[in-house]
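K.L.:
missing the sequence, but the structure's below:
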């Protein structure tokens, strides 16, 4: 199966203002990677319908699917549904199944805030699974997840297999050499293995290593060959350990 | 002085693939907030010149300034300079002052990787300050910072005062009530104080509180009035503490 691409759109003034430290993107990046999905873009936008709509439209047209985080609760600043509806040029409507769920939850007397949670972009479908009885709303290739980390993580874990393709194979080399010293060797490796995803990540003030190199490919043999080649090129005394 | 707007563009496959947990955006969000700068957008894009150029161009045209993180080292995947140059439709050139610095650093015998770090978008200027002798490269309203957290933080701290305007005044209320219960009260507060930035952040599995409310404005009197009004509206028994 061909690799699928994905974008994450995080909605939240609280992230942009530094009041909340977003952890959903890091969680999602690892989960998606593990199931062979290429996360191609992360965007954090403010609680503004136009900003949400513009970013979601851009991502929805370019990537196989889009996951949004945040802005789906009952309060005045929860406008993700309206933003996604605008991205798709559709009205916001009440979903009868969500309305029934909310009536049930409030013993038949839901308040205005509760009923807001029955709103969806017209044509949306519901995806069951995850930590709440409340399902995930999906419109076209856009999945609207809650921003609270426990809910986001549970919802993503519940629905992620519908995105799964084939995984990456990864190797790593930890070196005691600085990037400047080994850059030429990395270039030589890339010339021989042009399809390799080769990462070089320096760490400062870290007694354990100076640069972590990661080698990746969906072809296991390819990454193993590149791994052996790079180990040959690198001076023996700078190789600390491998993974 | 009018509030200035800013965008952060993070360059890095390592973030998108979940191999590295980005902390620079959270650091920058808090630093910028503290000096009264409105962070309006965060984007994480892959190590691809077109993706970098497109995002940087978008942000450079819409916001007062743009800070990039990552992709400015000596290795093959460091292409932020080329991406920013493309965003501005300019060539990449060697900056004589950087070239001299690098010659000095390598005792007059720099390797190819080292010399790569003398490259800048044509017309760029150098901004001194921060943890390394190496200055920050600025082209138009775009500042290119290193991605390694210690360097990013030191560089931002060194140059941030050039962005400073006036700060926000913030108040917070921690409540034991769920969002559904208090949403109507928040709406009433917003009707009376339409210019208030009112945030509502639920926390799950947290014995300390259920929802943190934040009230913000650049007008200290306005936020204090709204704070008192909201405290009057909320049931006394759900208010746990205030800040």
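P.N.:
That came in fine, so what should we check first? Worth saying up front: this structure is predicted, and the values here are computed from it rather than measured. Numbering: from 1, shown residues only, chains lettered A, B, ... in the order given.
K.L.:
What about residue A:183, how many residues nearby?
P.N.:
23 (other Cβ atoms under 10 Å in any protein chain shown). Glycine gets a C-beta too; all of them are placed from N, C-alpha and C.
K.L.:
Same question for residue A:178.
P.N.:
By the criterion of other Cβ under 10 Å, residue A:178 has 15 neighbours.
K.L.:
got a list of what the residue nearest to it when sequence neighbours are not counted touches?
P.N.:
Leaving aside its chain neighbours, residue A:178 sits nearest to residue A:210 (5.7 Å; criterion: Cβ to Cβ, 6 or more residues apart in numbering or on different chains). Contacts for residue A:210 were tallied using Cβ atoms under 8 Å, 6 or more residues apart in numbering or on different chains; they are A:175-178, A:202-203.
K.L.:
And for residue A:94?
P.N.:
A:115, A:118-120 are the contacts of residue A:94 under Cβ under 8 Å, 6+ apart.
K.L.:
which stretches of chain A have low pLDDT?
P.N.:
Counting by pLDDT under 70, chain A has low-confidence residues at A:1-2, A:166-167, A:205-207.
K.L.:
Look up phi and psi at residue A:32.
P.N.:
Dihedral pair for residue A:32: phi -70, psi -40, per degrees, to the nearest 10.
K.L.:
Just want to check the distance between it and residue B:84.
P.N.:
Distance, residue A:32 to residue B:84, by Cβ to Cβ, to the nearest Å: 28 Å.
K.L.:
out of these two, which sits in the busier spot?
P.N.:
residue B:84 (33 against 24).
K.L.:
How much space separates that one from residue A:47?
P.N.:
29 Å.
K.L.:
what's the answer for residue A:136, then?
P.N.:
Separation of residue A:136 from residue A:47 (Cβ to Cβ): 20 Å.
K.L.:
still on that earlier bit, can you tell me which of the contacts of residue A:94 are in strands?
P.N.:
Using DSSP state E, the subset of these located in strands is A:119-120.
K.L.:
Which one (most neighbours) among the contacts of residue A:210?
P.N.:
Counting neighbours by other Cβ under 10 Å, residue A:175 leads the contacts of residue A:210 with 24 neighbours.
K.L.:
Enumerate every residue touching residue A:15.
P.N.:
Counted by Cβ under 8 Å, 6+ apart, residue A:15 has contacts A:22, A:44, A:70, B:29, B:42.
K.L.:
before we move on, what SS does residue A:73 have?
P.N.:
Three-state call for residue A:73 (DSSP: H, G, I helix; E, B strand; the rest coil): coil.
K.L.:
Please tell me I have it right and it contacts residue A:145.
P.N.:
No. The pair residue A:73 and residue A:145 fails to qualify as a contact (Cβ atoms under 8 Å) at a distance of 11.8 Å.
K.L.:
what touches both of those two?
P.N.:
With Cβ under 8 Å, 6+ apart, residue A:73 and residue A:145 have no common neighbours.
K.L.:
For the nearest residue to residue A:85 once chain neighbours are set aside, name its beta-bridge partners.
P.N.:
Residue nearest to residue A:85 in three dimensions, not counting chain neighbours: residue A:121, with 3.7 Å by Cβ to Cβ, 6+ apart. Using DSSP bridges, the bridge partners assigned to residue A:121 are residue A:92.
K.L.:
how near is residue A:26 to residue B:143?
P.N.:
Relative to residue B:143, residue A:26 is positioned 24 Å away (Cβ to Cβ).
K.L.:
Quick check on those two: which one has the bigger neighbour count.
P.N.:
The residue with more neighbours, out of residue A:26 and residue B:143, is residue B:143; 23 against 16, by other Cβ under 10 Å.
K.L.:
Can you name the next helix or strand after the helix or strand harbouring the more buried one?
P.N.:
Per DSSP states H and E: residue B:143 is located in strand B:142-145. Using DSSP H and E, the helix or strand that follows strand B:142-145 towards the C-terminus is helix B:149-159.
K.L.:
which of the contacts of residue A:94 sit farthest apart?
P.N.:
For the contacts of residue A:94, the farthest-apart pair by Cβ to Cβ is A:115 and A:120; their separation is 12.4 Å.
K.L.:
More neighbours: those two, which one.
P.N.:
More crowded of residue A:115 and residue A:120, by other Cβ under 10 Å: residue A:120, with 24 against 16.
K.L.:
ok, the more buried one touching residue A:91?
P.N.:
No. Assessed by Cβ under 8 Å, residue A:120 is found out of contact with residue A:91, at 10.2 Å.
K.L.:
Could you count how many residues lie near residue A:106?
P.N.:
Residue A:106 has 13 nearby residues by other Cβ under 10 Å.
K.L.:
any idea how far the spatially closest residue to it that is not a sequence neighbour is from residue A:134?
P.N.:
What sits nearest to residue A:106 in space, not counting adjacent residues and going by Cβ to Cβ, 6+ apart, is residue A:114, at 5.5 Å. From residue A:114 across to residue A:134, the span is 11 Å (Cβ to Cβ).
K.L.:
try residue A:56
P.N.:
From residue A:56 to residue A:134 the distance is 21 Å (Cβ to Cβ).
K.L.:
neighbour-wise, which of the two wins?
P.N.:
residue A:56 (28 against 18).
K.L.:
pretty sure the more buried one contacts residue A:11?
P.N.:
No. Counting by Cβ under 8 Å, residue A:56 does not reach residue A:11; the two are 9.2 Å apart.
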